[in-house]
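Novice: need a structure here:
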Amino acid sequence: MKPPATGIPVNQPYSPSYPPPPQYQARGAQGQWSTGLCDCCSDAPLCCLTCFCPCITFGRIAEIVDKGTTSCGLSGTLYTLLLAFTGCQFIYSCSYRSKIKQQYGIPGGGCGDCCTHCCCECCALTQEYRELQHRGFEPSLGWQGNLLRQNQGVAMATAPMAPDGMHR
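Specialist: Residues are numbered from 1 along each chain as shown. Model prediction:
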């Protein structure tokens, strides 16, 4: 049974199992990266963070790409363990590059993603981070933080207005 229409917008709960809301999809063009691979120095703080602590950048990317099903801490820790014990963390991180490309319709194959992460890990991670930012996410907030930010914008934009003639 459908609830009666009251004229007041109802904010539906957002579940991580659905795709991001339209305002999160609209900024980046489908089929291409919003920034180049070698534009890593365009955001100096992000570049420094990624060069010295790639596990943090990767963890933030993974949490957003996985829509909150994995945490930043867990992904970053696994990345660090792979780096410390095998030196093959790029195999793990390239899978997230592939996920980003699939989510946003960016062409290219898995072999290219693996080569990109193997040869230019810092550049690849910063490009992916910037891509999420261009798509409307702020990876440093985490998945839940982005949902709260998105829901606050909806709540503020849809506050009901009282007609002029009504007073207490």
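Novice: Quick one: distance of the one helix or strand Ser93 maps to to the chain centre.
Specialist: Here Ser93, judged by DSSP states H and E, is contained in helix 89-104. Put simply, helix 89-104 sits 12 Å off its chain's centre (C-alpha atoms, centre = their mean, to the nearest Å).
Novice: number of nearby residues for Gly87?
Specialist: 8 (other C-beta atoms under 10 Å). Glycine gets a C-beta too; all of them are placed from N, C-alpha and C.
Novice: let's have the chain start at 662 instead
Specialist: Done: numbering now begins at 662, and the last item shifts to Gly748.
Novice: On the three-state scheme, it is what?
Specialist: coil (DSSP: H, G, I helix; E, B strand; the rest coil).
Novice: distance of it from Phe719?
Specialist: Gly748 sits 15 Å away from Phe719 when distances are taken as C-beta to C-beta, to the nearest Å.
Novice: cool, and Trp804?
Specialist: Separation of Trp804 from Phe719 (C-beta to C-beta): 15 Å.
Novice: Would you mind telling me which of the two has more residues around it?
Specialist: Set Trp804 next to Phe719 and count neighbours by other C-beta under 10 Å: Phe719 wins out with 27 against 21.
Novice: Now that one. Nearest residue, chain neighbours left out?
Specialist: Tyr740 (4.7 Å; C-beta to C-beta, 6 or more residues apart in numbering).
Novice: element containing that neighbour?
Specialist: For Tyr740, the host element (DSSP H and E) is helix 733-746.
Novice: what inclination does that helix have with respect to helix 750-765?
Specialist: 140 degrees (axes from the mean of the first three to the mean of the last three C-alpha atoms, to 10 degrees).
Novice: which residues touch helix 733-746?
Specialist: 715-717, 719-721, 723-724, 727, 749-750, 752-754, 803 (C-beta atoms under 8 Å, 6 or more residues apart in numbering).
Novice: rewinding a little: which is the next helix or strand following the helix holding Ser754?
Specialist: Assigned by DSSP H and E, the successor of helix 750-765 is helix 771-780.
Novice: Flag every buried residue along the helix or strand that that following helix is followed by.
Specialist: Sequence order places helix 782-795 as the next helix or strand after helix 771-780, per DSSP H and E. For helix 782-795, burial by neighbour count (16 or more other C-beta atoms under 10 Å) applies to 782-794.
Novice: what sits up against helix 782-795?
Specialist: 688-689, 694-701, 703-704, 707-708, 711-712, 715, 718-719, 721-722, 725-726, 750-751, 754-755, 757-758, 761, 765, 777-778, 800.
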